[in-house]
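Visitor: fold the following and give me the result.
(chains A, B and C)
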Amino acid sequence: MNNNEHVSFLEHQGKYKGIFAWIFATDHKRIAFLYMYAIATFFLVGAILGLLMRFELVAPGETIIKPQTYNGLFTVHGIIMIFMVVIPGLSAVFGNFFLPILIGAKDVSFPKLNNFSWWLFMFGSILAVASQLLKSGPPDTGWTFYAPYSTTTGTSVIIATTAAFILGFSSILTGLNFIVTVHRMRAPGMKFFNMPLFPWSIYATAWIQLLATPVVGITLIMLIAERLFGIGFFNPDLGGDPVLFQHLFWIYSHPAVYIMILPAMGVITEIIPTFCQKRVYGYKAIALSSLAIAGVGFLVWGHHMYTSGMSEQARWFFSLLTFIVAVPSAIKVFNWISTMYKGSIDMKPPFIFALAFIFLFMIGGLTGLILGSVATDIQVHDTAFIVAHFHYIIFGGMGFAFFAAIHYWLPKMYGKMYNFKRANIAAVSLFIGFNLLYFPQFIIGIQGMPRRYFDYLPRFQWAQVLSTIGGVILISAIILMIYNLIMGVRKGAKAPSNPWKGSTMEWQIPSPPSLENFDTAPVVKENPYDYN
Amino acid sequence: MSEHNIHTEEHRDDEASKLGMWLFIFTELLLFGGLFLVYSIFRAQYPANFHESSLELSVTIGVINTVVLLFSSMTIAMAITAIQKKNKKLTLTLIGVTLLMALLFLVNKYFEWGHKFEHGLYPGSELIQLLERGHHLYFSLYFFMTGLHALHIVVGMVLLIICFVKVNKGSIAHDKFVFLENGALYWHLVDLIWIFLFPLMYLIS
Amino acid sequence: MENNGSHITEYKVLVRILLILLFCTFLTIEITSFNLAAFTVTVALLIAGFKSYLVLAYFMHLKYESLLLKILVSMVFVLFIVIVLITFIDYSFR
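Guide: Numbering: from 1, shown residues only, chains lettered A, B, ... in the order given. Sure, this is the predicted structure:
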């Protein structure tokens, strides 16, 4: 590649100047950066809120925070992490940056719509922050907004739910954009089954974003209407049913967790073959299992509601479907391990994070089976066990996949390398801190420690102390990791086009890419994972 | 690569635009789907109350509105035929008629709702709070669903007005009319929702 | 690229479809004036389903679109129906 002639997308001069060249950008790569900086900021804010909760929980009784404040804390921690970090996270950042490149396209199908999605995201996020500052007080309902408390509490529920609605609309438009992109923008000669597996995962995710989000959209509007007009859908006094809110809410929010994890699995599926220099095992199985997870994932929502008063038949049905949906996920894990078998393994930071992902995701997934079974779930519903489960799956899963992705693709995005030793130290410290923080919560959860409680029996304190120490280690490791990446971007060595000997299309182009990605037509391989 | 603007002109993909519009329609179907789900649950729980409440609605106005919308769906579909046949004047007339029908629908809705409001029946009113459970839920659903539907009629009208202007200007023509197609698709969606809303609200005897 | 091979739906076809739709509407009104209990809803919904098929196929041109689009549209309706049915597993057996 002639780096003298190559103008990277970062240096490109377009219609706008300065900050406007960014916030009005229609280049998918710049939009990815816009999302990344926003999401990283929200993540850190959410993490600090989490740390505050951990300091409160280090001792029984009121430690540093009042009870009402604690309720507001776990609510906003959830709202930020779920709606502003984990749901958009991988799709909006790495989907935006790499989906077009991996399919040999110069951008997404609707670049202006893409920019508009980001503005919606920012607007929704600002509204969510505003809900914290209004006189009526931050919402204290939990991010799940269950009726009847959410329909009656005096706190700023309407603003928060409006924010969630707008964020949902952003998600819908991104999903729409990506679906059309995959159908219409693939390079000539690239059929669906020639696509790499990250685009496959983004595609499956996009369908969930498109079809599931409207349901929570209308549900939130119903909630607002209940607060404003007393329409009664969820009020037993007026003939309604609070459990109906739960149904409607989880019809979206369960598929939402697949929005979180499918791109994460896609990232891992890109990283493992590269660092094993071996084609991925079971390409078709992985591609189809992504679609299967997306599809079956729409049918299991009731497993969040086993103790709500649903009929026995409903509990039976949802439990069965939940066990079924675990199968395609397990298929992926099997395929990742099989890819590693007899591979030429290179323990670089992306691969370390990928290994951590597999371990943490397995724990999250296996504990999910305990929750899928009605009898055991009833014991641990609304306890710290659940909190541990979803943090393993979401943070250990999607979070670590995000870290893996940034370590994998940073050289391509910025054209710089980072320090591997510091990255590995950060990765290991993250892993240790993470497990120390969340594993004890499984134990005290089974023993009866409720979730969303700021106070607890003294016999649970040993675990809470361990968890808080774990939290401090975790945050420190995150800071180290981010510091290392920033130092790499600022002062790191120049990155070659293909630092990892990868096989997919992003490694065929310079680091960073030029504005329209491919200065010469991309080479479409029949098998995208070709290491010969 | 220097000029950033060129690639937007070169890249015109009508199939992509149309697919995008269909996908957006899917989201609207699921949005209303949530309301239809709530309706079906409560109707199953309060069949007698729902029947009684629906007698408050005027079937006549409902039928007029149904005919109006079905007719408007035809006219906007015809508008596409007209633009394909290079008949700009007819295209404009047909879009105009569609808009007129839409206005007629809204006027009917205005009188329908107005009549209810006069009798103290509106979301949050004292009277509605005192209704029996099934009745209350029925009217909550009635106002919510027809209200949301009417909002979509307004949005549809805005889209169609933009179509009208573009056809007039010539930026929609026989060889580039995907914008009109998409506007029409949105309009048909509004009609589709009403096709289900009408019998479920007005004809449950 | 011209649109979808430029299939043009003739005016008279559209008029005929409208007439069928109007007929179905009046059919629904007639049928629902009898009390057939559960069947009333079923029949009304079936006719509405047929009407929406006509709007989708002819007014929205789906009959002449790609197989992909036809499958996607069907999938969305199926998804909605499945979600309603599953929710009723709860409410029917409480």
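Visitor: tell me the residues of chain B that contact chain A?
Guide: Counting by C-beta under 8 Å from any C-beta of the partner chain, the residues of chain B close to chain A are B:1, B:4-5, B:7-8, B:13, B:15-16, B:19-20, B:23-24, B:26-28, B:30-35, B:37-38, B:41-42, B:45-46, B:123-124, B:129, B:132-134, B:136-137, B:140, B:143-144. For glycine as for every other residue, the C-beta is placed from the backbone atoms N, C-alpha and C.
Visitor: can you rerun that using 7 Å?
Guide: Chain B comes close to chain A at residues B:1, B:4, B:7, B:13, B:15-16, B:19-20, B:23-24, B:26-27, B:30-31, B:34-35, B:38, B:41, B:46, B:123-124, B:129, B:133-134, B:136-137, B:140, B:144, as judged by C-beta under 7 Å from any C-beta of the partner chain.
Visitor: would you mind naming what in chain C lies close to chain B?
Guide: Proximity of chain C to chain B (C-beta under 7 Å from any C-beta) is limited to residues C:1, C:3, C:6, C:8-11, C:14-15, C:18, C:21-22, C:25, C:28-29, C:32-33, C:35, C:44, C:48, C:51-52, C:55, C:59-60, C:69, C:76, C:80, C:83-84, C:87, C:91.
Visitor: among those, which are within reach of chain A?
Guide: Residues of the residues of chain C next to chain B in contact with chain A (C-beta under 7 Å from any C-beta): C:Val76, C:Ile83, C:Thr87.
Visitor: got JSON lines for the residues you listed, with secondary structure and pLDDT too?
Guide: Shown next, in JSON lines, are these (DSSP: H, G, I helix; E, B strand; the rest coil; pLDDT from 0 to 100):
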{"residue": "C:Val76", "secondary structure": "helix", "pLDDT": "98"}
{"residue": "C:Ile83", "secondary structure": "helix", "pLDDT": "98"}
{"residue": "C:Thr87", "secondary structure": "helix", "pLDDT": "98"}
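Visitor: which ChimeraX command selects the buried ones in those residues?
Guide: To isolate the buried subset of those in ChimeraX, counting by 16 or more other C-beta atoms under 10 Å in any protein chain shown, use the following:
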select /C:76,83,87
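Visitor: closest to A:Gln68 out of the ones next to chain A among the residues of chain C next to chain B?
Guide: Closest approach between these and A:Gln68, by C-beta to C-beta: C:Thr87, at 34.6 Å.
Visitor: can you tell me if the longest helix seen in chain B touches chain C.
Guide: If you go by DSSP state H, chain B has its longest helix at helix B:133-169. No - using C-beta under 7 Å from any C-beta, we find that helix B:133-169 stays clear of chain C, coming within 13.7 Å at best.
Visitor: to the chain's geometric centre, what's the distance from the next helix or strand after that helix?
Guide: Remark: after helix B:133-169, the chain's next helix or strand is helix B:178-202, criterion DSSP states H and E. Helix B:178-202 sits 5 Å away from the centroid of its parent chain (C-alpha atoms, centre = their mean, to the nearest Å).
Visitor: packing partners for helix B:178-202?
Guide: Judged by 3 or more C-beta pairs under 7 Å, 6 or more residues apart in numbering or on different chains; DSSP states H and E, helix B:178-202 is in contact with helix B:14-45, helix B:59-84, helix B:133-169, helix C:38-54.
Visitor: which strands or helices does the shortest one pack on?
Guide: Going back to what we said before, that points to helix C:38-54. helix B:178-202, helix C:11-32.
Visitor: do the longest one as well
Guide: Here helix B:133-169 touches helix B:14-45, helix B:47-54, helix B:88-118, helix B:178-202, going by 3+ C-beta pairs under 7 Å, 6+ apart.
Visitor: let's have the ones next to chain A among the residues of chain C next to chain B in a markdown table, adding distance to A:Leu49.
Guide: Compiled in a markdown table, those are given as follows (distance: C-beta to C-beta, whole Å):
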| residue | distance to A:Leu49 |
| --- | --- |
| C:Val76 | 38 |
| C:Ile83 | 34 |
| C:Thr87 | 34 |
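Visitor: got the contact list for the residue positioned nearest the centre of chain C?
Guide: For chain C, the residue sitting closest to the mean C-alpha position, by C-alpha atoms, centre = their mean, is C:Ser52 at 2.5 Å. Counting by C-beta atoms under 7 Å, 6 or more residues apart in numbering or on different chains, C:Ser52 makes contact with B:Leu192, B:Ile195.
Visitor: in chain C, where is pLDDT below threshold?
Guide: C:1-5, C:37 (pLDDT under 70).
Visitor: give the contact list for whichever residue of the stretch 251-400 of chain A sits closest to chain B.
Guide: In the stretch 251-400 of chain A, the residue found nearest to chain B is A:Ile251; the distance is 7.9 Å by C-beta to the nearest C-beta. Residues near A:Ile251 by C-beta under 7 Å, 6+ apart: A:Val215, A:Trp301, C:Ile83.
Visitor: repeat that with 8 Å
Guide: A:Ala212, A:Val215, A:Val216, A:Phe298, A:Trp301, B:Gly34, C:Ile83 (C-beta atoms under 8 Å, 6 or more residues apart in numbering or on different chains).
Visitor: same thing with B:Leu90?
Guide: Going by C-beta under 8 Å, 6+ apart, B:Leu90 touches B:Ala79, B:Ala82.
Visitor: then A:Ser117?
Guide: By C-beta under 8 Å, 6+ apart, A:Ser117 lies in contact with A:Ile31, A:Ala92, A:Ser170, A:Leu173, A:Thr174, A:Asn177.
Visitor: so what pLDDT did it get?
Guide: A:Ser117 is assigned a pLDDT of 98 by the prediction.
Visitor: any figure for the gap between it and chain B?
Guide: Look at A:Ser117 and chain B: by C-beta to the nearest C-beta, to the nearest Å, they are 13 Å apart.
Visitor: rewinding a little: now, which of the ones next to chain A among the residues of chain C next to chain B sits nearest B:Lys86?
Guide: Nearest to B:Lys86, judged by C-beta to C-beta, of these is C:Val76 at 34.4 Å.
Visitor: C:Ala48 against C:Thr28, yeah?
Guide: Yes - between C:Ala48 and C:Thr28 there is a contact at 7.2 Å, judged by C-beta atoms under 8 Å.
Visitor: residues shared between the contacts of these two?
Guide: Counting by C-beta under 8 Å, 6+ apart, the contacts common to C:Ala48 and C:Thr28 are B:Pro199.
Visitor: so the two - more neighbours on which side?
Guide: Legend: neighbour count by other C-beta atoms under 10 Å in any protein chain shown for C:Ala48 and C:Thr28, higher for C:Thr28 (25 against 22).
Visitor: show me which of the ones next to chain A among the residues of chain C next to chain B is closest to A:Gly137.
Guide: C:Thr87 (33.7 Å).
Visitor: ok, that closest one touching B:Val38?
Guide: No - C:Thr87 is not in contact with B:Val38 according to C-beta under 8 Å; the separation is 9.7 Å.
Visitor: ok now stretch A:393-408, how far from the chain's centre?
Guide: Counting by C-alpha atoms, centre = their mean, stretch A:393-408 comes out at 8 Å from the chain centroid.
Visitor: show me what it is in contact with.
Guide: Identification of contacts with stretch A:393-408 by C-beta under 8 Å, 6+ apart yields A:81, A:86, A:89-90, A:93-94, A:257, A:260-261, A:263-265, A:267-268, A:270-271, A:274, A:349-350, A:353-354, A:356-357, A:359-361, A:363-365, A:368, A:418, A:423, A:427, A:430, A:434, A:438, A:481, A:485, A:500.
Visitor: if we go to 6 Å?
Guide: Residues outside stretch A:393-408 that contact it (C-beta atoms under 6 Å, 6 or more residues apart in numbering or on different chains): A:86, A:89, A:94, A:260-261, A:264, A:267-268, A:271, A:349-350, A:353-354, A:356-357, A:360-361, A:364.
Visitor: go on, stretch B:180-190?
Guide: The list of residues contacting stretch B:180-190 from outside it, by C-beta under 6 Å, 6+ apart, reads B:21, B:25, B:28, B:73, B:76, B:80, B:152-153, B:156, B:159-160, B:163, B:172, C:55, C:59-60.
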